[in-house]
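Visitor: just the structure for this:
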Amino acid sequence: MALEKTLAIIKPDAMAKGVVGAIIQRMEENSLQPIGVKLLRLTREQAEGFYAVHKDKTFFTELVNFMTSGPVVVTCLLGEAAINKWRGVMGATNPDQAVAGSIRRDFGTDIQCNAVHGSDSPETARFEVGFFFEPQDLHEYEWL
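Guide: Residues are numbered from 1 along each chain as shown. Okay, the predicted model is just below:
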């Protein structure tokens, strides 16, 4: 199976709960290697650009407001089938529907304040990783 990259965002609600370390631990426990990590406070322009695919949805303004409400951690993950693996580790978008032991079930509050984001396809992953990281920002390394 080929290695692929995906983007993960630890959202403002998870930051406020102090669960960043626990979320990163779950990444690593699932063979998802963080090869790029940034702590950011998204500007309105960044949030609107990142979520532009949702600009015509009723929740767009609320989403942008939430994602700019506090700091986030953006991470590029590398692993075998990283996109699907990370989506499984995250759990369903709605924490009430997420399986026990998933990040969203354990740390999410509702459909918006659901702790984490993850790319949903290879095309989306390329866009999202490129949105936050230049190639020189990503550092692959061997795990012992």
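Visitor: CA only for contacts and neighbour counts going forward, please
Guide: Will do.
Visitor: ok, then the element right after the helix or strand where residue 22 lies?
Guide: Assigned by DSSP states H and E, residue 22 falls within helix 20-29. Moving toward the C-terminus from helix 20-29, the next helix or strand (DSSP H and E) is strand 33-40.
Visitor: using CSV, write down the CA coordinates of that next one.
Guide: In CSV, the C-alpha atoms belonging to strand 33-40 read as follows (Å, rounded to 0.1, in the frame of the first residue of the first chain):
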residue,chain,number,x,y,z
GLN,A,33,3.3,10.4,11.2
PRO,A,34,3.2,14.2,11.7
ILE,A,35,5.6,15.5,9.1
GLY,A,36,4.5,19.1,9.3
VAL,A,37,3.0,20.9,12.3
LYS,A,38,2.0,24.6,12.8
LEU,A,39,0.2,26.4,15.6
LEU,A,40,-1.9,29.2,13.9
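Visitor: is it true that residue 80 touches residue 3?
Guide: Yes - using Cα atoms under 8 Å, residue 80 is in contact with residue 3, at 4.4 Å.
Visitor: quick one: work out the angle between the helix holding residue 22 and strand 33-40.
Guide: Interaxial angle, helix 20-29 versus strand 33-40 (axes from the mean of the first three to the mean of the last three Cα atoms, to 10 degrees): 160 degrees.
Visitor: buried residues of helix 20-29, list them for me.
Guide: Residues 20, 23-24, 26-27 are the ones in helix 20-29 that count as buried (16 or more other Cα atoms under 10 Å).
Visitor: alright, I will stop here.
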